[in-house]
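Undergrad: what follows is a protein structure lacking sequence information:
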(Lines give C-alpha, C1' and ligand atoms only; values in the text may rest on other atoms or scores of the structure.)
Protein backbone atom coordinates (compact mmCIF):
# COMPACT_ATOMS: atom_id res chain seq x y z
CA UNK A 1 0.00 0.00 0.00
CA UNK A 2 1.93 3.03 -1.29
CA UNK A 3 -0.49 5.79 -0.20
CA UNK A 4 0.13 7.66 3.06
CA UNK A 5 -3.60 8.31 3.39
CA UNK A 6 -6.80 7.14 1.73
CA UNK A 7 -10.18 8.79 1.17
CA UNK A 8 -13.20 6.96 2.52
CA UNK A 9 -16.97 7.34 2.89
CA UNK A 10 -18.81 6.28 6.04
CA UNK A 11 -22.36 4.96 5.53
CA UNK A 12 -25.01 3.15 7.53
CA UNK A 13 -27.96 0.94 6.67
CA UNK A 14 -30.44 0.58 9.55
CA UNK A 15 -27.56 1.24 11.95
CA UNK A 16 -25.21 -1.30 10.36
CA UNK A 17 -22.24 0.97 9.54
CA UNK A 18 -19.55 0.59 6.92
CA UNK A 19 -16.44 2.26 5.51
CA UNK A 20 -16.45 2.38 1.71
CA UNK A 21 -13.65 3.01 -0.79
CA UNK A 22 -13.63 3.68 -4.51
CA UNK A 23 -11.12 0.95 -5.28
CA UNK A 24 -11.03 1.74 -9.00
CA UNK A 25 -8.41 4.36 -8.15
CA UNK A 26 -7.00 3.06 -4.86
CA UNK A 27 -6.46 -0.47 -6.22
CA UNK A 28 -6.14 -2.07 -2.79
CA UNK A 29 -5.69 -5.84 -3.14
CA UNK A 30 -7.32 -8.49 -0.96
CA UNK A 31 -4.32 -8.78 1.35
CA UNK A 32 -4.16 -5.01 1.86
CA UNK A 33 -7.88 -4.84 2.68
CA UNK A 34 -7.48 -7.70 5.14
CA UNK A 35 -4.65 -5.83 6.87
CA UNK A 36 -6.44 -2.47 6.82
CA UNK A 37 -9.83 -3.62 8.16
CA UNK A 38 -8.97 -4.21 11.86
CA UNK A 39 -7.30 -0.81 12.27
CA UNK A 40 -9.76 1.36 10.35
CA UNK A 41 -12.82 -0.43 11.82
CA UNK A 42 -11.58 0.08 15.39
CA UNK A 43 -14.01 2.43 17.16
CA UNK A 44 -11.35 3.89 19.47
CA UNK A 45 -8.24 4.11 17.28
CA UNK A 46 -9.78 4.17 13.80
CA UNK A 47 -12.92 5.36 12.04
CA UNK A 48 -15.13 2.64 13.50
CA UNK A 49 -17.51 0.38 11.56
CA UNK A 50 -19.05 -3.07 11.20
CA UNK A 51 -17.03 -3.72 8.04
CA UNK A 52 -15.04 -2.39 5.09
CA UNK A 53 -16.32 -2.33 1.49
CA UNK A 54 -14.31 -1.69 -1.65
CA UNK A 55 -15.98 -0.93 -5.00
CA UNK A 56 -14.30 -1.84 -8.26
CA UNK A 57 -15.06 -2.83 -11.85
CA UNK A 58 -15.59 -6.50 -12.63
CA UNK A 59 -12.67 -7.57 -14.81
CA UNK A 60 -14.43 -10.87 -15.52
CA UNK A 61 -17.38 -8.95 -17.11
CA UNK A 62 -19.90 -11.12 -15.20
CA UNK A 63 -21.35 -8.00 -13.58
CA UNK A 64 -21.07 -4.21 -13.71
CA UNK A 65 -19.18 -3.93 -10.42
CA UNK A 66 -17.52 -5.99 -7.69
CA UNK A 67 -18.10 -5.56 -3.96
CA UNK A 68 -15.15 -6.62 -1.80
CA UNK A 69 -16.16 -6.95 1.86
CA UNK A 70 -14.10 -7.49 5.01
CA UNK A 71 -15.26 -7.96 8.59
CA UNK A 72 -13.68 -5.79 11.32
CA UNK A 73 -11.29 -8.63 12.17
CA UNK A 74 -10.14 -8.80 8.54
CA UNK A 75 -11.99 -12.03 7.81
CA UNK A 76 -14.07 -12.62 4.72
CA UNK A 77 -17.86 -12.85 4.64
CA UNK A 78 -19.99 -14.74 2.18
CA UNK A 79 -22.30 -11.77 1.75
CA UNK A 80 -23.34 -8.65 3.67
CA UNK A 81 -26.89 -7.54 2.86
CA UNK A 82 -26.88 -4.13 4.56
CA UNK A 83 -23.39 -3.49 3.23
CA UNK A 84 -24.68 -4.23 -0.25
CA UNK A 85 -27.49 -1.69 0.17
CA UNK A 86 -24.95 0.97 1.19
CA UNK A 87 -22.74 -0.13 -1.69
CA UNK A 88 -25.67 0.44 -4.09
CA UNK A 89 -26.20 4.04 -2.93
CA UNK A 90 -22.43 4.67 -2.94
CA UNK A 91 -22.17 3.39 -6.52
CA UNK A 92 -24.90 5.80 -7.58
CA UNK A 93 -22.79 8.77 -6.45
CA UNK A 94 -19.91 7.47 -8.57
CA UNK A 95 -22.02 7.45 -11.74
CA UNK A 96 -23.74 4.06 -11.62
CA UNK A 97 -27.33 3.83 -12.88
CA UNK A 98 -30.18 3.23 -10.42
CA UNK A 99 -30.29 -0.42 -11.46
CA UNK A 100 -27.08 -2.41 -11.87
CA UNK A 101 -25.45 -5.77 -11.22
CA UNK A 102 -22.55 -6.51 -8.90
CA UNK A 103 -20.56 -9.57 -7.96
CA UNK A 104 -19.61 -10.84 -4.52
CA UNK A 105 -17.20 -13.77 -4.87
CA UNK A 106 -18.81 -15.98 -7.55
CA UNK A 107 -22.42 -14.75 -7.17
CA UNK A 108 -24.03 -11.91 -9.13
CA UNK A 109 -26.63 -9.70 -7.39
CA UNK A 110 -28.91 -6.97 -8.68
CA UNK A 111 -29.25 -3.58 -6.98
CA UNK A 112 -32.13 -1.14 -7.39
CA UNK A 113 -31.92 2.31 -5.77
CA UNK A 114 -35.03 4.45 -5.22
CA UNK A 115 -34.40 7.70 -3.33
CA UNK A 116 -32.54 6.58 -0.17
CA UNK A 117 -33.89 3.04 -0.25
CA UNK A 118 -31.95 0.20 -1.81
CA UNK A 119 -33.24 -3.24 -2.79
CA UNK A 120 -30.88 -6.16 -3.37
CA UNK A 121 -32.03 -9.19 -5.36
CA UNK A 122 -30.29 -12.34 -4.13
CA UNK A 123 -29.22 -15.18 -6.47
CA UNK A 124 -30.39 -17.67 -3.88
CA UNK A 125 -32.65 -20.68 -3.40
CA UNK A 126 -32.49 -22.03 0.12
CA UNK A 127 -34.27 -24.19 2.69
CA UNK A 128 -34.77 -24.16 6.45
CA UNK A 129 -32.99 -27.00 8.25
CA UNK A 130 -34.13 -27.90 11.76
CA UNK A 131 -31.14 -28.70 13.93
CA UNK A 132 -30.29 -29.39 17.56
CA UNK A 133 -27.15 -28.00 19.17
CA UNK A 134 -26.86 -29.64 22.55
CA UNK A 135 -30.36 -29.35 24.00
CA UNK A 136 -31.24 -26.24 21.96
CA UNK A 137 -33.47 -26.46 18.89
CA UNK A 138 -32.42 -23.97 16.20
CA UNK A 139 -32.95 -23.34 12.49
CA UNK A 140 -29.99 -23.43 10.10
CA UNK A 141 -30.58 -21.20 7.06
CA UNK A 142 -27.94 -20.37 4.46
CA UNK A 143 -28.42 -16.92 2.88
CA UNK A 144 -25.18 -16.87 0.86
CA UNK A 145 -23.51 -16.74 4.25
CA UNK A 146 -23.94 -18.91 7.34
CA UNK A 147 -26.84 -18.19 9.74
CA UNK A 148 -28.77 -19.89 12.51
CA UNK A 149 -32.08 -18.64 13.93
CA UNK A 150 -33.19 -19.01 17.56
CA UNK A 151 -36.82 -18.19 18.47
CA UNK A 152 -37.40 -16.31 21.74
CA UNK A 153 -40.11 -14.35 23.51
CA UNK A 154 -40.09 -10.56 22.85
CA UNK A 155 -38.91 -9.62 26.37
CA UNK A 156 -35.90 -11.95 26.04
CA UNK A 157 -34.48 -9.78 23.24
CA UNK A 158 -33.86 -7.03 25.80
CA UNK A 159 -31.39 -9.15 27.79
CA UNK A 160 -28.36 -8.30 25.68
CA UNK A 161 -25.68 -9.80 27.95
CA UNK A 162 -27.48 -13.15 27.68
CA UNK A 163 -27.79 -12.79 23.90
CA UNK A 164 -24.06 -12.10 23.61
CA UNK A 165 -23.28 -15.13 25.78
CA UNK A 166 -25.57 -17.44 23.80
CA UNK A 167 -24.54 -15.93 20.49
CA UNK A 168 -20.84 -16.46 21.18
CA UNK A 169 -21.51 -20.04 22.29
CA UNK A 170 -23.30 -20.93 19.06
CA UNK A 171 -21.01 -18.89 16.82
CA UNK A 172 -18.00 -20.94 17.94
CA UNK A 173 -19.79 -24.27 18.49
CA UNK A 174 -18.03 -27.31 17.05
CA UNK A 175 -21.09 -28.12 14.93
CA UNK A 176 -20.27 -25.06 12.82
CA UNK A 177 -16.52 -25.49 12.52
CA UNK A 178 -14.44 -24.32 10.80
CA UNK A 179 -16.27 -21.22 9.53
CA UNK A 180 -18.55 -20.60 12.49
CA UNK A 181 -21.94 -18.97 12.02
CA UNK A 182 -23.96 -15.80 12.59
CA UNK A 183 -26.63 -16.12 15.27
CA UNK A 184 -30.08 -14.51 15.04
CA UNK A 185 -32.48 -14.21 17.96
CA UNK A 186 -36.04 -13.55 16.82
CA UNK A 187 -39.44 -12.87 18.35
CA UNK A 188 -42.60 -12.86 16.25
CA UNK A 189 -44.95 -9.89 16.57
CA UNK A 190 -47.59 -11.07 14.11
CA UNK A 191 -47.82 -13.31 11.07
CA UNK A 192 -45.47 -11.25 8.87
CA UNK A 193 -43.67 -9.04 11.38
CA UNK A 194 -40.83 -9.89 13.77
CA UNK A 195 -38.08 -8.42 15.93
CA UNK A 196 -34.43 -9.43 15.50
CA UNK A 197 -31.11 -9.18 17.33
CA UNK A 198 -28.03 -10.61 15.56
CA UNK A 199 -24.68 -11.71 16.97
CA UNK A 200 -22.38 -11.23 13.97
CA UNK A 201 -19.38 -13.38 13.24
CA UNK A 202 -16.36 -11.19 12.54
CA UNK A 203 -17.81 -8.32 14.58
CA UNK A 204 -18.06 -10.70 17.58
CA UNK A 205 -20.90 -8.77 19.14
CA UNK A 206 -24.51 -7.73 18.61
CA UNK A 207 -25.02 -5.26 15.77
CA UNK A 208 -27.86 -2.79 15.20
CA UNK A 209 -28.88 -4.66 12.03
CA UNK A 210 -27.89 -7.56 9.79
CA UNK A 211 -29.29 -7.87 6.28
CA UNK A 212 -28.57 -11.52 5.56
CA UNK A 213 -29.67 -12.23 9.14
CA UNK A 214 -32.97 -10.46 8.45
CA UNK A 215 -33.48 -12.74 5.45
CA UNK A 216 -32.71 -15.86 7.49
CA UNK A 217 -35.01 -14.66 10.26
CA UNK A 218 -37.94 -13.91 7.94
CA UNK A 219 -37.67 -17.34 6.32
CA UNK A 220 -37.31 -18.94 9.75
CA UNK A 221 -40.43 -17.17 11.08
CA UNK A 222 -42.41 -18.31 8.02
CA UNK A 223 -41.20 -21.87 8.64
CA UNK A 224 -42.05 -21.80 12.35
CA UNK A 225 -45.62 -20.79 11.50
CA UNK A 226 -45.93 -23.58 8.91
CA UNK A 227 -46.50 -20.83 6.37
CA UNK A 228 -48.26 -21.63 3.09
CA UNK A 229 -46.87 -21.40 -0.42
CA UNK A 230 -46.92 -18.06 -2.21
CA UNK A 231 -45.21 -14.70 -2.32
CA UNK A 232 -44.55 -12.80 0.89
CA UNK A 233 -43.18 -9.56 2.31
CA UNK A 234 -42.01 -9.68 5.93
CA UNK A 235 -41.19 -6.69 8.12
CA UNK A 236 -38.11 -7.19 10.30
CA UNK A 237 -37.59 -4.70 13.12
CA UNK A 238 -33.97 -4.33 14.23
CA UNK A 239 -32.48 -1.92 16.74
CA UNK A 240 -31.29 0.37 13.93
CA UNK A 241 -34.56 0.53 12.00
CA UNK A 242 -36.79 -1.62 9.81
CA UNK A 243 -35.90 -3.96 6.94
CA UNK A 244 -38.21 -5.71 4.49
CA UNK A 245 -37.64 -9.22 3.16
CA UNK A 246 -39.52 -10.38 0.08
CA UNK A 247 -39.58 -14.05 -0.94
CA UNK A 248 -41.61 -16.86 -2.44
CA UNK A 249 -42.10 -20.31 -0.92
CA UNK A 250 -42.70 -23.60 -2.73
CA UNK A 251 -44.38 -26.41 -0.78
CA UNK A 252 -43.26 -29.03 -3.31
CA UNK A 253 -39.57 -28.86 -2.43
CA UNK A 254 -39.87 -26.71 0.74
CA UNK A 255 -37.63 -24.06 -0.79
CA UNK A 256 -37.42 -20.27 -0.70
CA UNK A 257 -36.42 -18.17 -3.70
CA UNK A 258 -37.01 -14.77 -5.39
CA UNK A 259 -35.42 -13.29 -2.28
CA UNK A 260 -34.99 -9.52 -1.96
CA UNK A 261 -33.74 -7.33 0.88
CA UNK A 262 -35.08 -3.76 1.05
CA UNK A 263 -34.38 -0.87 3.41
CA UNK A 264 -32.79 2.53 3.96
CA UNK A 265 -29.16 3.50 3.47
CA UNK A 266 -27.56 6.80 4.34
CA UNK A 267 -24.28 8.71 4.10
CA UNK A 268 -22.71 9.68 7.43
CA UNK A 269 -19.48 11.48 6.51
CA UNK A 270 -16.44 11.47 4.26
CA UNK A 271 -12.86 11.63 5.44
CA UNK A 272 -9.20 10.90 4.99
CA UNK A 273 -7.60 8.04 6.90
CA UNK A 274 -3.87 8.28 7.60
CA UNK A 275 -2.02 4.99 7.29
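TA: All right, it came through fine. These numbers come from a predicted model, not from an experiment.

Undergrad: going by C-alpha atoms from here, please, whenever you check contacts or count neighbours.
TA: OK.

Undergrad: which stretches of the stretch 1-150 of the chain form helices?
TA: 23-26, 30-41, 81-93 (DSSP state H, counting those that start in this stretch).

Undergrad: output the ones you listed in JSON lines; the columns should cover distance to residue 164 and mean neighbour count.
TA: Output for these, formatted as JSON lines (distance: least, Cα to Cα, whole Å; neighbours: other Cα atoms under 10 Å):
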{"stretch": "helix 23-26", "distance to residue 164": "34", "mean neighbour count": "13"}
{"stretch": "helix 30-41", "distance to residue 164": "20", "mean neighbour count": "18"}
{"stretch": "helix 81-93", "distance to residue 164": "21", "mean neighbour count": "24"}
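
Undergrad: now the ones you listed as JSON lines including distance to residue 166 and mean pLDDT?
TA: As requested, the helices of the stretch 1-150 of the chain are exported to JSON lines (distance: least, Cα to Cα, whole Å; pLDDT from 0 to 100):
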{"stretch": "helix 23-26", "distance to residue 166": "37", "mean pLDDT": "95"}
{"stretch": "helix 30-41", "distance to residue 166": "24", "mean pLDDT": "97"}
{"stretch": "helix 81-93", "distance to residue 166": "23", "mean pLDDT": "98"}
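
Undergrad: which of the ones you listed sits closest to residue 152?
TA: Set against residue 152 and scored by Cα to Cα, the helices of the stretch 1-150 of the chain come closest in helix 81-93, at 23.3 Å.

Undergrad: helices or strands up against that closest one?
TA: When contacts are defined as 3 or more Cα pairs under 8 Å, 6 or more residues apart in numbering; DSSP states H and E, helix 81-93 packs onto strand 5-13, strand 16-22, strand 52-57, strand 107-114, strand 117-121, helix 211-224, strand 255-264.

Undergrad: swap the cut-off to 7 Å and go again
TA: Using 3 or more Cα pairs under 7 Å, 6 or more residues apart in numbering; DSSP states H and E, the elements in contact with helix 81-93 are strand 5-13, strand 107-114, strand 117-121, helix 211-224.
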